[in-house]
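Trainee: how would this look folded up:
(2 chains)
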Amino acid sequence: MTLQEQQSASSTFDSSHVEAPSIFATRVRRMLRWLGPALLVTVLVAVWQGVVVFFDIPAWKLPAPSAIAAELVVSRALYLKHTWVTLMEVMLGFGAALATGVLLATLIAYYRTLQRAVYPLVIASQTIPIIVIAPLLLIWVGYGIAPKIIVVILIAFFPITVNTVDGLRSVDTDMVNMMRTLGASRWQIFTKVQVPTAMPFLFSGTKIAVTFSVIGAVIGEWVGASAGLGYLTRISVPLFLTARSFGAVVLLAAMGIILFVSVALLERLLLPWYHNEQRQRVLEQG
Amino acid sequence: MNLTQQDQEAATAPSIKLDGITKEFYAFGRPLLVLDDVDFHVSEGEFVTIIGPSGCGKSTLLNIIAGLEDPNQGTIWLRETEPAQRLGRVAYMHQKDLLLPWRTVLDNAVLGLEVQGVPHAQARLRADALMERFGLKGFERAYPSALSGGMRQRAAFLRTVLSERDVVLLDEPFGALDALTRAQMQEWLLDLWVSFHKTIVLVTHDVDEAVFLSDRIYLMTARPGSVKLVLSVDLPRPRSYDIVTQGPFIALKARLLATIREESLRTQEEPWR
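Mentor: Purely as a prediction, here's the structure:
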C-alpha cells in the first residue's frame, strides 16, 4: 500500500491518483530519514563534550567540541587562507585525474593491444606506496603546488580508470548486436552504447576519487609545504595547538563530504534515467 | 495448390533466399551441428513464420540472415544479390526490447535513422508522425523504465519500422508478454504489416501465433535444425482473432501439431515447449 503510494507519487504519468495524505506521509518519512543520522551525530558530539568536561581533560590533549568550534570562529581568517590552498590543490589534481582516468580508460577499452600494454602499468602505479614517491617529487618538481597536484593525480586517477574500463566493458552484447543490425559503425556503437553504459561506473569512480583527492592533498602537504590544511595540522600538533589541528581536520572532512555530495548531485542531474531506474528497482523489490 | 504457389513466386521476386545453409558451433571443444542444409525463401511482402522446438537453431537462422553470423556452408541472397555485408540491410527485432535506458522513447525510436545519418530534426518528425499509431503518444519524453512491457515492445517495434528496411526479422517479439497483451499485439502487428508493406520473418514456438499471422510456416526439426514441413496458410485476410476457434484454422493447427508430435516421438530428445 505504502509502496504503491510512493510509486504513484514518483511517477510522472499518473500523478492524478496521488492523494494529499500520501504526500504528507512521504514528507514525514523523508524528514525522519534525515533525523536519524543528525541525532546520532549530535549524541556523539554531546558524549565527547561530556567526557572532556567530566574528566577535566586538558585542551592540548583532547579539546572539547566547543573549544574546536571556538577555534574555528576565532581563527577563521587563518583557516580560510589554508582551506583555499588545499581546495586549489584538490580541484586541480582531481580535474587532471578525471581527464587522465577517462582518457586511459577509453584507450584501454577501445584498443585491445593498449589494454595489454597499459593496464598492468596502471595497476603497478598503485603498488608503489605514495609516501615513498611524495618526497621524491619534492626533489624533482620543487616545493610549490605541483608536487601536491601530482600526488592527488596519482591517488585519484586509479578508481576512475578502473571503474570506467569496467563500465565500458559491461555493455550488453545483445544491444551491440542490435546496433550492428542497424548498420552502426564501431565508433557509433562506442559513443551511443558503450559510453552511456559506462557513465554510472564513471560516477562511482569519481565519487571515490574526489574523496581520495583530499587525502592526496594532505599527504602532499605533510611531506613538504608552507600552506594548506594538511600543513596546518602538521605544524599545530608540535605547538600543542591541538584545537587548531582538530579544526583543520573538521574542515578537511567537510571538504570531502561536500565534494562527494556535489558529484552525487551532478550524477542525478546528468543521468536522470539511471536515478529513475534505480528507484524503480528499489520499489519493485520492496 | 503447388501451382499457385509457383505462380506467386514468379510474380514476386524472393526477398530472401537461403540455399543449403549449414552452421556449426563449438561447444566444449566439440563441433555441434545447429543448422543442417536449410533451404528457405521469403517473397516480397510475404509474412513467413519459422516455428520449432527450443534449440532448433531458428534464432541462429535469423542471426545469419541479419548478418550477425555467417554460415559454414550455403548461400544467402537478399533481393537476388549476394551481398558481402548483410548488416544494416534488414531490420531485426530481438525478443528483448533492447531499448537504450538512457534515451527517451523518441530518441530510442530514431536510433536507426540517426545511425544512417538522417538529421535529428527530420528523424524526429518521422517518429512523431507514428507515435499515435504505436500507442506511444504522450510518452515521447518518457524513459523506458517508466513504460509497461507492451509499450516497451511497441517502442522497439517503432525503432525497427523507422529503420526503413523492406525486410523485418522478428525473434519471438511477444515471448515476454502476458497472453492478453500478446493477442492485442498480434492483431496490431497484422494491421501494421498491411499498411507498411514489409516482408516479415517471424520466429516463434507458439503454434497459434504462427497460424494466425502467417502466409507460410516453416516447421523445423530439433537439433540439428532442418526444414521438416512448409505449410501454406490459406486463411482469408484481413484476419481477426475470431478465426482461431473456426474450422480451417483448427485444421491447419492440427496438421502442424501432428507433425510436431511425430517429430518429437522420433527424436525423444528435446521435448516440445
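Trainee: centre of the chain to stretch A:37-53, how far?
Mentor: Relative to the mean C-alpha coordinate of its chain, stretch A:37-53 is positioned 26 Å out (C-alpha atoms, centre = their mean, to the nearest Å).
Trainee: buried ones in stretch B:38-56?
Mentor: Buried residues in stretch B:38-56, counted by 16 or more other C-beta atoms under 10 Å in any protein chain shown: B:38, B:40-44, B:46-53, B:55-56. Any C-beta I mention is one placed from the backbone N, CA and C, and that applies to glycine too.
Trainee: what is the lowest-pLDDT residue among those residues?
Mentor: On pLDDT alone, B:Gly55 ranks lowest of the buried residues of stretch B:38-56, at 76.
Trainee: how much space between it and chain A?
Mentor: Going from B:Gly55 to chain A by C-beta to the nearest C-beta, to the nearest Å gives 18 Å.
Trainee: how about that residue, secondary structure?
Mentor: coil (DSSP: H, G, I helix; E, B strand; the rest coil).
Trainee: quick one: it from B:Glu69, how far?
Mentor: In this view, B:Gly55 and B:Glu69 are 16 Å apart by C-beta to C-beta, to the nearest Å.
Trainee: on the pLDDT front, check the residue of chain B found nearest chain A for me.
Mentor: In chain B, the residue that lies nearest chain A is B:Gly88 (2.4 Å; C-beta to the nearest C-beta). pLDDT, B:Gly88: 87.
Trainee: residues of the stretch 101-250 of chain B that sit close to chain A?
Mentor: Proximity of the stretch 101-250 of chain B to chain A, by C-beta under 8 Å from any C-beta of the partner chain, involves residues B:101-103, B:111-112, B:114-116, B:139, B:142-143, B:145-146, B:163.
Trainee: which outside residues touch the lengthiest helix in chain B?
Mentor: In chain B, assigned by DSSP state H, the helix with the most residues is helix B:247-267. Helix B:247-267 is touched from outside by B:51, B:53, B:207-208, B:210-212, B:217, B:219, B:221-222, B:228-229, B:231, B:233, B:235, B:243, B:270-272, with contacts defined as C-beta atoms under 8 Å, 6 or more residues apart in numbering or on different chains.
Trainee: quick one: buried residues of it?
Mentor: Applying 16+ other C-beta under 10 Å to helix B:247-267 flags B:249, B:252-253, B:256, B:260, B:263-264 as buried.
Trainee: can you add distance to A:Thr173 and pLDDT and give those back as CSV?
Mentor: Below are these laid out as CSV (distance: C-beta to C-beta, whole Å; pLDDT from 0 to 100):
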residue, distance to A:Thr173, pLDDT
B:Phe249, 39, 90
B:Leu252, 37, 92
B:Lys253, 36, 92
B:Leu256, 33, 91
B:Ile260, 31, 86
B:Glu263, 32, 81
B:Ser264, 31, 77
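Trainee: okay if I get these as a markdown table plus distance to A:Ile23?
Mentor: As requested, those are exported to a markdown table (distance: C-beta to C-beta, whole Å):
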| residue | distance to A:Ile23 |
| --- | --- |
| B:Phe249 | 52 |
| B:Leu252 | 56 |
| B:Lys253 | 53 |
| B:Leu256 | 55 |
| B:Ile260 | 56 |
| B:Glu263 | 60 |
| B:Ser264 | 57 |
